[in-house]
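[1] I would like the atomic coordinates for the input below:
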Amino acid sequence: MKMQKIVSQNLSSEDVPASISWTETSDTVSRHFFFLPDGQFSVKVGDDSRPVVHKMAESFVNKFFPSGFPYSVNDGYLRYTQFRALQHFSSAALSVLSTQSLLHAAGLRPTPAQATAVSWILKDGMQHVGKLICSNLGALMDSEPKSWRILADVLYDLGTGLEIFSPLCPQLFLQTAGLGNFAKGMAVVAARATRLPIYSSFAKEGNLSDLFAKGEAISTVFNVLGLGTGIQLVSTVCSSMQGKMVVGSLLSVIHVYSVSEEMRAAPVNTLNPQRTAMIVEDFIKTGKVSSPVDLRYKEDLLFPNRLIKDAGNVKVGRDLHKSIKPSRLNKFKEMFPNEKFLLSRGSSWTDMVLEHNATGEDALRGWLVAAYGFDMEGENGSEWVKLHEGYEKMKVVMTTLLPEIQAKGWHTDRFLDGKGMRFGF
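    As a prediction, the model looks like this:
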């Protein structure tokens with residue numbers, strides 16, 4: 001298809017671009033693209049002789065995807081959305097199975113009024129307890145939103161499974177249902193708390209609200225479809241407990257798999273211990289800086305706190321008095337003047353303690369010192385000599401490394417260690 005492109009730019013009286021617009025014309029459709037002065041991107045369709053199917057496809061994209069898609073989001077958003085839809089579909093179907101089982105276990109006929117009464121009692125009880133407990137873990141969720149999002153769905157499926165199996169022990173109905181809602185309450189808080197960091201990783205043009213709104217639209221549609229499928233399953237293959245156990249287990253596997261693929265597709269660009277170590281490891285090995293997109297499928301979502309040998313085996317977040325002996329503290333302070341980190345080599349790992357106002361840049365500096373200084377197996381020299389050599393090398397490298405890291409899209413103005421253990425003098 002041939003495409004003609006006409007570019008026009010309107011300037012204000014001060015010669016500052018007021019808007020940038022152009023028209024793209026093909027044999028079937030004419031589109032007018034323009035950037036407003038505030039940076040917002042918009043598209044308007046002019047003459048359109050395309051088939052109805054093509055028009056419906058574009059209407060679907062405009063309804064459920066951010067404006068300017070795919071250019072307005074980072075890589076991985078489409079895959080994230082696909083598995084998010086599958087996740088909500090399986091989750092909604094599971095909820096129907098669990099609700100029907102709860103009512104059966106309680107000896108109630110599955111009428112809407114009775115379902116509401118049971119849900120109200122359980123929700124206001126154990127579910128709120130679960131929410132309160134999980135709300136204290138917000139800092140950890142900031143540091144590892146992907147892992148906590150997966151854990152949220154595992155907890156949700158655990159709670160749902162307890163509800164589905166409740167007819168097997170009707171005498172323990174309140175205990176089973178209460179424990180299930182406790183797990184689901186924790187899942188709700190974890191899922192909601194991690195939603196913003198995940199959406200922020202895709203916002204390429206400051207379009208976070210648009211991303212959130214379109215994501216909720218997709219969730220709503222597939223929740224409705226999942227509810228309808230769940231109703232059909234309850235009245236057919238899931239009319240028996242054996243059917244519920246088989247189908248429920250299958251839906252749970254689909255649910256957890258979908259959310260894990262969602263998280264793997266998200267290019268989170270904030271610095272935490274794992275991503276910082278991976279950046280340093282790749283830089284030392286290849287001399288290149290990896291972007292959030294490069295690292296998204298390399299992150300360990302099950303064991304995010306694993307140590308990375310080529311990055312110095314650094315562990316962050318331990319108390320200062322546990323990491324560094326008081327007799328050695330002044331020596332470390334003298335070795336790293338004006339730095340906001342302290343390093344101490346242990347038998348299995350390197351402890352790094354950060355000051356209260358340390359940023360991602362400070363964490364990167366400390367990681368490089370550890371990687372350069374303590375990664376010299378078998379070389380002569382004491383710990384102090386190796387630290388000094390690593391520190392001097394870090395200062396040389398950091399002048400060019402930091403701008404490159406920032407150019408790749410990493411946010412170095414903060415470091416999310418999830419522990420909150422910092423020091424100050």
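[2] How about the contacts made by Gly312?
    By Cβ atoms under 8 Å, 6 or more residues apart in numbering, Gly312 lies in contact with Ala277, Val280, Thr350, Trp367, Val369, Ala370, Ala371, Tyr372, Gly373, Phe374, Asp375. Glycine gets a C-beta too; all of them are placed from N, C-alpha and C.
[3] Max pairwise distance over the residues you listed: which two?
    Ala277 and Gly373 (15.1 Å; Cβ to Cβ).
[4] any idea how this structure splits into domains?
    4-50, 77-265, 270-423 (automatic domain parsing).
[5] Of those domains, which is nearest Lys63?
    With Cβ to Cβ as the measure, domain 77-265 is the member of those nearest Lys63 (6.7 Å).
[6] Ala277 contacts Trp367, correct?
    Yes: with contacts counted by Cβ atoms under 8 Å, Ala277 reaches Trp367, the gap being 6.5 Å.
[7] any idea which of the contacts of Gly312 is closest to Ile308?
    Ala277 (4.3 Å).
[8] Would you verify that the closest one is located in a helix?
    Yes: assessed with DSSP: H, G, I helix; E, B strand; the rest coil, Ala277 lies in a helix.
[9] Contacts only, for it.
    Contacts for Ala277 were tallied using Cβ under 8 Å, 6+ apart; they are Leu307, Ile308, Ala311, Gly312, Val314, Trp367.
[10] isn't the last one right next to Gln274, touching?
    By that I understand Trp367. No: using Cβ under 8 Å, Trp367 makes no contact with Gln274, being 11.4 Å away.
[11] Those two: which has the busier surroundings?
    Per other Cβ atoms under 10 Å, whichever of Trp367 and Gln274 has more neighbours is Trp367, with 28 against 24.
[12] quick one: contacts for that one?
    Residues in contact with Trp367 (Cβ under 8 Å, 6+ apart) are Thr276, Ala277, Val280, Ala311, Gly312, Val314, Met352.
[13] Please report the distance of it from Asn313.
    For Trp367, the distance to Asn313 (Cβ to Cβ, to the nearest Å) stands at 11 Å.
[14] want to throw the contacts of Ala277 into JSON lines with distance to Val256?
    Formatted as JSON lines, these follow (distance: Cβ to Cβ, whole Å):
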{"residue": "Leu307", "distance to Val256": "26"}
{"residue": "Ile308", "distance to Val256": "26"}
{"residue": "Ala311", "distance to Val256": "30"}
{"residue": "Gly312", "distance to Val256": "33"}
{"residue": "Val314", "distance to Val256": "31"}
{"residue": "Trp367", "distance to Val256": "32"}
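[15] what's the neighbour count on Thr229?
    Per other Cβ under 10 Å, the neighbour tally for Thr229 reads 16.
[16] a strand runs through it, doesn't it?
    No: Thr229: not assigned to a strand; according to three-state DSSP it is helix.
[17] Now it. Nearest residue, chain neighbours left out?
    Spatial nearest neighbour of Thr229, excluding adjacent residues (Cβ to Cβ, 6 or more residues apart in numbering): Ala93 at 4.9 Å.
[18] got the contact list for that neighbour?
    Gly226, Leu227, Thr229, Gly230, Leu233, Leu251.
[19] go again using 10 Å as the cut-off
    223, 225-234, 238, 247-248, 251, 254-255 (Cβ atoms under 10 Å, 6 or more residues apart in numbering).
[20] still on that earlier bit, out of the domains of the chain, the one nearest Gly68 is which?
    domain 4-50 (4.3 Å).
[21] I'd like the average pLDDT over that closest one.
    Mean pLDDT, domain 4-50: 55.
[22] Looking at the closest residue to Ala358 other than its chain neighbours now. What's its pLDDT?
    Of all residues not flanking Ala358 in the chain, Lys340 sits nearest, at 4.1 Å (Cβ to Cβ, 6+ apart). Reading off the confidence values, Lys340 has pLDDT 90.
[23] how deep is Lys340 tucked in, by neighbour count?
    21.
[24] hang on, isn't Phe89 packed against Ile254?
    Yes: Phe89 is within contact range of Ile254, at 8.3 Å (criterion: Cβ atoms under 10 Å).
[25] Same drill for the two, tell me which one is more crowded.
    Phe89 (25 against 18).
[26] Check the offset of the host helix or strand of that one from the chain's centre.
    For Phe89, the host element (DSSP states H and E) is helix 77-105. Helix 77-105 sits 20 Å away from the centroid of its parent chain (Cα atoms, centre = their mean, to the nearest Å).
[27] Nice, that's everything, thank you.
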